[in-house]
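Q: what's the 3D shape of this:
(one chain, ligands or ions: 1)
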Amino acid sequence: MPTALLWFRRDLRLGDHPALLAALDAAGPDGDVLPVFVFDDRLWGPSGNPRRRFLLDCLTDLREQTGGALVFRSGDPAQVLPALAAEVGAGSVHVTADAGPYGRRRDAAVERALGEVPLVRTGSPYAVAPGRVVKRDGTPFQVFSPFARAWREHGWHSPAARPDGVAWTTGVRSEDPPPTPDLDDVTLPPAGEAAATAAWQRFRDERLPGYAEGRNTPGTNGTSRLSAYLKYGCIHPRTLLADLAGLDTGPDSESARSYANELAWRDFYADVLWHRPESAREYLKPELQAMGYDSGPDAEELVAAWKAGRTGFPIVDAGMRQLLGEAYVHNRVRMIVASFLVKDLHQEWTLGAEHFMAHLVDGDLASNNHGWQWVAGTGTDASPYYRVFNPTTQGKKFDPDGSYVQRWVPELRDLDPKHVHEPWTAPGGVPAGYPEPVVDHASERLVALERYTRATRR
Ligand SMILES: Cc1cc2nc3c(=O)[nH]c(=O)nc-3n(C[C@H](O)[C@H](O)[C@H](O)COP(=O)(O)OP(=O)(O)OC[C@H]3O[C@@H](n4cnc5c(N)ncnc54)[C@H](O)[C@@H]3O)c2cc1C
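A: Model (predicted):
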C-alpha cells in the first residue's frame, strides 16, 4: 500500500491544510498517510518554556485528532526523515513550505538527503507565500503600505476543504516527546486547532466590531489573541480572511479591514525576511549599528529593571510583567517597552528581541525581530529613529483609566487613575514598594536623538 509521509511543522491542524490534501492525493485511494513531528534541537533549544509547552500541547491535540497515529521522532530532520521514509517505504514526503532562514536551509538539506523520494512543498503559513508579492519591476517592497496594497490586489486562495476521513498509517514506532517544561505561574491559552477556531469565532462574533477602535487599548480585551495559534498554524490566516471577506461591506467593515491589515503586517515581515534572511539578526539599516549603545554595570542594572518590570514607568512595567505572566504583551505595549529599551536605555534592539523570543508564546522570528527593528528605526521605513515614544503620554493616551497598569502592577492599585501613569504626582508620592523612574525620559530622548544624528551623518 502506498504511504505518503506528512511532516508537520508550523501547520498543526487538519482543516485548510493543502499539504495534507497533497499527501492524500499522493497516497491514492488505497494508500495511507503517516503523520510525523520531528523534535529538532535547532528549534527546540532556543524556544523558551512557554513556546515549548504550547507546542507540546498542540501536538497532544493533533495526536488525538489523528487517532493516535502522529509519530514523534527527534534529531536532525535530514537524518530522521530519510530513515523514516525508508522504514515505511514512503513514496513522498509532504510539507507546508517554510519561509524562514533556518527552515529553508533545513528543507534543502532534507530534500538532498531524501534522494529519490521527493519532498513536496504545498502551501505556506501565510495568506500569500513570501516572495510572491513584488513591485512592478520585480524587486521586493521595502515599505508596508504599498506592500499591503499589492498584497490585497494579489489576493489569496480560498480555504482548502477539510478531508472527510484520512487513512493514517498506524503501528509505526514513536519516541517520547521531550519532558513537559514547568511554567511556574505563566498562564497560556488552550492549545490546538479546536481552541484556535473557538477563539477566532468568539472574537469575530463578539469583539471584531470594535476592533478598529479597541485594538490600541491594552486595558480592554480588544484584540483577537490569535498570534500563538497563527504561529503554530493551529488556524490558517486564509480561514480568517475568508470570514472577513463576508463582512467587508457590512457595518463591521472598518474593523474587518483593520484586522486584515494586521494579517498583512504578518505577511509583510515574513516577506522582508524571505528576501533578506540575514535581517533576522542584522540591522536592515546597517549604519545604525555604529550608533553608541550603553554597556557596563549601570546599563546592566537598568536592563535588569526593564526585564523585571521595575523601571518606575508604569506602562513599561505593566508590559514587562504581562510578558512574564502571560508570555504575551499587547501590541501597543510591545512598541512602548521596545522603544524604552532602545531609546531610553540605549540598548541594541537585538537584546530586546532575544528577551522577547525567550518569553513570548507567539515568538516568531519575522514578526518579532522586524517588530523590534521597526520600533528601533533600523528596519522597514515607517518609524524613523527620531520618533521616540514618551511612556507617560503613551500610557495616558492608550490606558486612560489605568486599568491595564493596575492589573499588572499591584503596587499602583490604590492610586486614583489620574495618577497611575505618573505615580510621582500622587499626593503621597510614589507608593511604597514601587520604584522611582530609573531614568529621566526627556534627557534620554535627547541623548538618543543626538547619537542618531551622529551615526547617520558619518
Ligand atoms: C517589538 C514587537 C515584537 C513583536 N513580536 C511578535 C512576535 O514574536 N510574534 C507575533 O506574532 N507578533 C509579534 N508582534 C506583533 C504584534 O504585537 C502581535 O502579533 C500581536 O500583539 C498579537 O496579538 P493579537 O493576536 O491579539 O493581535 P491582533 O491585533 O488580534 O492581530 C491579529 C493578528 O495579526 C498579526 N499581527 C498583528 N499585528 C502585527 C504586527 N505588528 N506585526 C506582525 N503581525 C501582526 C498577528 O498574527 C495577530 O495575531 C510584535 C510587535 C512588536 C512591536
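Q: And Met320, how close does it get to the ligand?
A: Per Cβ to the nearest ligand atom, to the nearest Å, Met320 is found 12 Å from the ligand. Every residue, glycine included, has its C-beta placed from N, CA and C.
Q: residue contacts, Ala212?
A: Glu254, Ser255, Arg257, Ser258 (Cβ atoms under 8 Å, 6 or more residues apart in numbering).
Q: Low-confidence ranges, the stretch 301-450 of the chain, go.
A: Low-confidence segments of the stretch 301-450 of the chain (pLDDT under 70): 381-383.
Q: Ok, the stretch 51-200 of the chain next?
A: Using pLDDT under 70, nothing in the stretch 51-200 of the chain is flagged.
Q: Run a quick neighbour tally on Ala353.
A: 23 (other Cβ atoms under 10 Å).
Q: For it, what are phi and psi?
A: phi -60, psi -40 (degrees, to the nearest 10).
Q: For the residue nearest to it when sequence neighbours are not counted, give me its contacts.
A: Nearest non-adjacent residue to Ala353, counting by Cβ to Cβ, 6 or more residues apart in numbering: Trp372, 4.3 Å away. Going by Cβ under 8 Å, 6+ apart, Trp372 touches Ala338, Trp349, Thr350, Gly352, Ala353, Phe356, Gly379.
Q: who touches the second one in this structure?
A: Listed by Cβ under 8 Å, 6+ apart, the contact partners of Trp349 are Ala338, Leu341, Val342, Trp372, Gln373, Val375, Ala376, Thr378.
Q: The second one: what secondary structure?
A: Meaning Leu341. At Leu341 the chain is in helix, as set by DSSP: H, G, I helix; E, B strand; the rest coil.
Q: And for Gly165, the neighbour number?
A: 6.
Q: What helix or strand is it located in?
A: Assigned by DSSP states H and E, Gly165 falls within no helix or strand.
Q: Please report how far it lies from Ala358.
A: Using Cβ to Cβ, to the nearest Å, Gly165 is found at 41 Å from Ala358.
Q: before we move on, the earlier item: closest to the ligand out of the contacts of Ala212?
A: Ser258 (8.7 Å; Cβ to the nearest ligand atom).
Q: Identify the residues contacting the helix or strand hosting Ala305?
A: For Ala305, the host element (DSSP H and E) is helix 297-308. With contacts defined as Cβ under 8 Å, 6+ apart, helix 297-308 is touched by 294, 311, 316, 320, 337, 340-341, 345-347, 351, 355, 435, 438-439.
Q: before we move on, what about stretch 446-453?
A: Contacts for stretch 446-453 (Cβ under 8 Å, 6+ apart): Leu288, Met291, Gly292, Val342, Lys343, Asp344, His346, Gly377, Tyr385, Tyr386, Val388.
Q: buried set for the longest helix anywhere in the chain?
A: Ranked by residue count and defined by DSSP state H, the top helix of the chain is helix 253-275. Residues of helix 253-275 classed as buried: 255-256, 258-260, 262-274 (neighbour count, 16 or more other Cβ atoms under 10 Å).
Q: Among those residues, which ones lie close to the ligand?
A: For the ligand, the contacts drawn from the buried residues of helix 253-275 by Cβ under 6 Å from any ligand atom are Glu262, Leu263, Trp265, Arg266, Tyr269.
Q: Dump these into a markdown table; add distance to Gly222 and pLDDT as well.
A: Shown next, in a markdown table, are these (distance: Cβ to Cβ, whole Å; pLDDT from 0 to 100):
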| residue | distance to Gly222 | pLDDT |
| --- | --- | --- |
| Glu262 | 12 | 97 |
| Leu263 | 16 | 98 |
| Trp265 | 17 | 97 |
| Arg266 | 18 | 98 |
| Tyr269 | 22 | 97 |
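Q: which of these lies closest to Thr425?
A: Distance to Thr425, by Cβ to Cβ, is smallest for Glu262 among these, at 34.9 Å.
Q: Excluding residues flanking it in the chain, which one is nearest the closest one?
A: Nearest to Glu262 is Arg215, by Cβ to Cβ, 6+ apart, at 7.7 Å.
Q: can you check Leu284 too?
A: Nearest to Leu284 is Gly379, by Cβ to Cβ, 6+ apart, at 4.5 Å.
Q: so what's Gly89 closest to, chain neighbours aside?
A: Per Cβ to Cβ, 6+ apart, closest to Gly89 is Thr3, 6.1 Å.
Q: ugh, wrong one, Ala26
A: Nearest one to Ala26, counting by Cβ to Cβ, 6+ apart, is Ala4 at 4.2 Å.
Q: host element of the residue nearest to Ala353?
A: Counting by DSSP H and E, Trp372 is found in helix 365-376.
Q: what packs against the very next helix or strand once past that helix?
A: Using DSSP H and E, the helix or strand that directly follows helix 365-376 along the chain is helix 391-398. On a contact count with 3 or more Cβ pairs under 8 Å, 6 or more residues apart in numbering; DSSP states H and E, helix 391-398 meets helix 314-326, helix 331-339.
Q: Redo those helices as TSV? Include mean neighbour count and distance to Leu14.
A: TSV is the format used below for those (neighbours: other Cβ atoms under 10 Å; distance: least, Cβ to Cβ, whole Å):
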stretch	mean neighbour count	distance to Leu14
helix 314-326	25	28
helix 331-339	23	29
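Q: Next up, the contacts around the residue lying closest to Phe203 once chain neighbours are set aside.
A: Spatial nearest neighbour of Phe203, excluding adjacent residues (Cβ to Cβ, 6+ apart): Ser224 at 4.3 Å. Listed by Cβ under 8 Å, 6+ apart, the contact set of Ser224 reads Ala199, Trp200, Phe203, Arg207, Leu208, Tyr211, Tyr259.
Q: Three-state assignment for Ser224, please.
A: Relying on three-state DSSP, one would call Ser224 coil.
Q: Now do it against Glu262, distance only.
A: In terms of Cβ to Cβ, Ser224 sits 9 Å off from Glu262.
Q: Please apply the same query to Ala113.
A: Counting by Cβ to Cβ, the gap from Ala113 to Glu262 is 38 Å.
Q: Over to Gly68?
A: 37 Å.
Q: Just give me the longest strand of the protein.
A: strand 32-39 (DSSP state E).
Q: How about the residues of the protein by the ligand?
A: 215, 223-227, 230-231, 262-263, 265-266, 269, 331, 334-335, 338, 356, 360, 362-364, 367-368, 371-372, 375.
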